[in-house]
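> sequence first, then the predicted structure:
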Amino acid sequence: MKKISLAIVSLALVGALTACGGGGEQAQPAPAPAENNAGNSASAGGDTAAAEGLYKNACAGCHAADLSGAVGPNLQKVGATLSEQDILGIIENGRGGMPPGVLKGDDAKTVAAWLATHK
């Protein structure tokens, strides 16, 4: 009985950690056409729909679809306390239980810029 309980707890832990990983590259939507303009961000007129799609695929599993938080913290007003660069650093390097590199490159910049507008 003790082995079964340990197995169930182990599977639950693996499932929770896997959900926060974002599903890898296959979960990423196709790049938005605006991505060709290097340096553009969602806050500078970029594609909000692309940022929302990236968030949904890579972040909502831990932060909830409405940014209210679940396993991860509430992000509904993250832009009021963190700058776009701060948010980008967390996305790229991880923080607490969040693994690094859930999003990379322009995808990370797009989501960071979008989250920074949430005040």
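Looks like it arrived, so ask away.
> quickly note the distance from Pro73 to Gly105.
The spacing between Pro73 and Gly105, counted by CB to CB, to the nearest Å, is 24 Å. Where C-beta positions appear, they are placed from N, C-alpha and C, glycine not excepted.
> I meant Lys56, not that one.
18 Å.
> where along the protein do the helices fall?
2-19, 48-58, 60-63, 84-93, 105-116 (DSSP state H).
> any idea which of those helices scores lowest on pLDDT?
Across the helices of the chain, helix 2-19 has the smallest mean pLDDT, namely a mean of 50.
> what's around Leu88, how many residues?
When neighbours are counted by other CB atoms under 10 Å, Leu88 registers 21.
> does Ala112 touch Gly79 like I think?
No. The pair Ala112 / Gly79 is not scored as a contact, 9.8 Å apart, by CB atoms under 8 Å.
> now for these two: what residues contact both?
Shared between the contact lists of Ala112 and Gly79 (criterion: CB atoms under 8 Å, 6 or more residues apart in numbering) are residues Ile87.
> neighbour count winner among the two?
For Ala112 versus Gly79, neighbours defined as other CB under 10 Å are more numerous around Ala112 (27 against 20).
> tell me who's in contact with that one.
Counting by CB under 8 Å, 6+ apart, the residues that Ala112 touches are Ser41, Glu84, Gln85, Ile87, Leu88, Ile91.
> how about Pro100?
Residues near Pro100 by CB under 8 Å, 6+ apart: Glu92, Asn93, Gly94.
> now Gln85, nearest residue through space, not along the chain?
With sequence-adjacent residues excluded and distances taken as CB to CB, 6 or more residues apart in numbering, Gln85 is closest to Ala112, at 7.7 Å.
> now do that neighbour against Cys59, distance only.
Counting by CB to CB, the gap from Ala112 to Cys59 is 11 Å.
> tell me how many other residues surround the closest residue to Ala65 other than its chain neighbours.
Nearest non-adjacent residue to Ala65, counting by CB to CB, 6+ apart: Lys56, 6.5 Å away. Residues near Lys56, counting by other CB under 10 Å, number 13.
> cheers, nothing more for now.
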